[in-house]
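In: could you look at this predicted model? Sequence included:
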Amino acid sequence: MPNRKENCRLFNKAAEYLQAKYPGRDITVDEIIDAVGGPGRRVGWPTDFCYNRTNVTTPFNHHLFLRTIPGHFRWLGKQARFDGPISIFYRAQGEKDQWVGEWRNGNWRVGAKFPLSQWISLPPNSHQDC
């Protein structure tokens, strides 16, 4: 099974191609999954590499996408200077997304109300290149 850094490279290459192919519009989860060769734990999902979404089972250390609406993404690329909220999407059925942190000037910080750091082993403001 490829490691997370290799998966990030695969998603980045596919997303860069798709965003150039479809300029001015979001790319869909199906387009991305088709481009990387299939879904699942073998390669991951676009939400595993989002600036603005996370879950308790995925390290928050490689960022490529902005999730715009369910099933749609905008490729921002590696090390983007993203500003905005981070929400958690690993939740019980029927619960709403919860705000867990934010990005400011390309750095993220955890919100005090919902300590994302309980799942993240990396220090705040660290993101790894892929």
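Out: It's in.

In: I'd like the next helix or strand past the longest strand along the chain.
Out: For the chain, the strand with the greatest residue count under DSSP state E is strand 98-104. The helix or strand immediately downstream of strand 98-104 is strand 107-110, counting by DSSP states H and E.

In: where does the prediction get shaky in the protein?
Out: For the chain, residues meeting the criterion pLDDT under 70 lie at 1-2, 39-41, 56, 88-93, 110-129.

In: what's the neighbour count on Pro59?
Out: Using other Cβ atoms under 10 Å, Pro59 has 13 neighbouring residues. Placement of C-beta: from N, CA and C, glycine included.

In: state the distance from it to Cys50.
Out: 12 Å (Cβ to Cβ, to the nearest Å).

In: how far does stretch 71-79 sit from its chain's centre?
Out: When distances are taken as Cα atoms, centre = their mean, to the nearest Å, stretch 71-79 is centred 8 Å away from the chain's centroid.

In: give me the buried positions along it.
Out: Using 16 or more other Cβ atoms under 10 Å as the test for burial, stretch 71-79 gives His72, Phe73, Trp75, Leu76, Lys78.

In: before we move on, what about stretch 98-108?
Out: Neighbour counts over stretch 98-108 (16+ other Cβ under 10 Å) mark Val100, Gly101, Glu102, Trp103, Trp108 as buried.

In: the strands in the protein, which residues?
Out: With DSSP E as the criterion, the chain has strands spanning 27-28, 53-54, 65-69, 72-75, 84-88, 98-104, 107-110.

In: reformat the ones you listed as a markdown table; add distance to Ala15.
Out: Shown next, in a markdown table, are the strands of the chain (distance: least, Cβ to Cβ, whole Å):
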| stretch | distance to Ala15 |
| --- | --- |
| strand 27-28 | 7 |
| strand 53-54 | 15 |
| strand 65-69 | 7 |
| strand 72-75 | 4 |
| strand 84-88 | 18 |
| strand 98-104 | 19 |
| strand 107-110 | 20 |
